[in-house]
Every structure is written in structure tokens, then in C-alpha cells.
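K.L.:
Fold the stuff below for me.
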Amino acid sequence: MTDVPPMVKWTAAVIAGGGIAGLTQGVTATLRANSTVWTGGLGNFIIATAELGGALIVSILALAAPAVAIALVVLFLWLAIRLLRWLLRGVHASTGPKETL
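P.N.:
Next comes the predicted model:
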């Protein structure tokens with residue numbers, strides 16, 4: 001959000017963040033309640049383990065995404081330099097001295 005006053009930005013961020021957090025908590029509570037009803041509480045450790053695994057994966061992805069982005073930029077720069085060298089080598093070869101018979 002550019003060209004928007006900071007108060008509007010922060011208000012929107014709080015509303016959106018609170019809404020998503022509330023939705024996530026509501027789904028989790030409903031899932032655990034259903035697990036308790038259907039398994040007598042014996043399935044709750046599976047739900048808790050899945051939540052932990054999901055949180056761990058999202059955290060790792062959040063940390064890895066910038067490193068992957070930097071690696072991709074370096075890779076594309078390297079490929080661009082190789083392509084330019086290849087193209088320039090072709091230009092130099094075609095403009096060199098020619099033999100006449």
C-alpha cells in the first residue's frame with residue numbers, strides 16, 4: 001500500500017492480521033473439539049503434532065525464502081553473463097578478417 005497514510009496502513013494490517021489469526025484459532029479449536037468428540041481425546045496428539053509440523057515448515061520456508069531468492073538472482077546473473085559472452089564471441093568471430101581466394 002503506497003501513498004496511504006501510516007494510520008490507514010496500520011489499521012488495515014491489524015484488521016487483516018487479527019482476522020487471519022482469529023480464523024486460524026477458530027479452525028484449530030473446532031478441529032480439536034471434533035477430535036475430542038470422535039476419539040475421546042486420543043487423537044488430539046495427532047492434531048497437535050500436525051500443527052507443530054505445519055508451524056515448523058512455515059517458519060523454515062519464511063527463513064529460506066530470502067536465501068533462495070538471492071541464490072536465484074546470482075544464478076540468473078551468472079547465466080546472463082555467460083549468454084553475453086557467447087553472443088559477443090559470435091559478433092567478434094563474424095567481424096574478423098576474411099580470407100579471399
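K.L.:
Roughly how far does the residue nearest to Ser35 when sequence neighbours are not counted sit from Ser59?
P.N.:
Leaving aside its sequence neighbours, Ser35 sits nearest to Gly43 (Cβ to Cβ, 6 or more residues apart in numbering; 4.5 Å). C-beta: built from backbone N, CA, C; applies to glycine. In this structure, Gly43 and Ser59 are 25 Å apart, going by Cβ to Cβ, to the nearest Å.
K.L.:
likewise Val68?
P.N.:
Where Ser59 is concerned, Val68 sits at a distance of 15 Å (Cβ to Cβ).
K.L.:
Which stretches in this structure count as helices?
P.N.:
Ranges of helices in the chain, per DSSP state H, are 6-39, 44-94.
K.L.:
And those, which one averages the lowest pLDDT?
P.N.:
Out of these, helix 6-39 stands lowest, with a mean of 87 (criterion: mean pLDDT).
K.L.:
what angle do that helix and helix 44-94 make?
P.N.:
130 degrees (axes from the mean of the first three to the mean of the last three Cα atoms, to 10 degrees).
K.L.:
Mind listing what's buried along helix 6-39?
P.N.:
Arg32, Ser35 (16 or more other Cβ atoms under 10 Å).
K.L.:
Can you verify my assumption that the residue nearest to Ser35 contacts Ala33?
P.N.:
No - when contacts are counted by Cβ atoms under 8 Å, Gly43 is not listed as touching Ala33 (11.5 Å).
K.L.:
what are the phi and psi angles of Asn4?
P.N.:
Just to correct that, residue 4 is Val rather than Asn. With angles defined as degrees, to the nearest 10, Val4 sits at phi -120, psi 140.
K.L.:
what about it, distance to Thr11?
P.N.:
From Val4 to Thr11 the distance is 10 Å (Cβ to Cβ).
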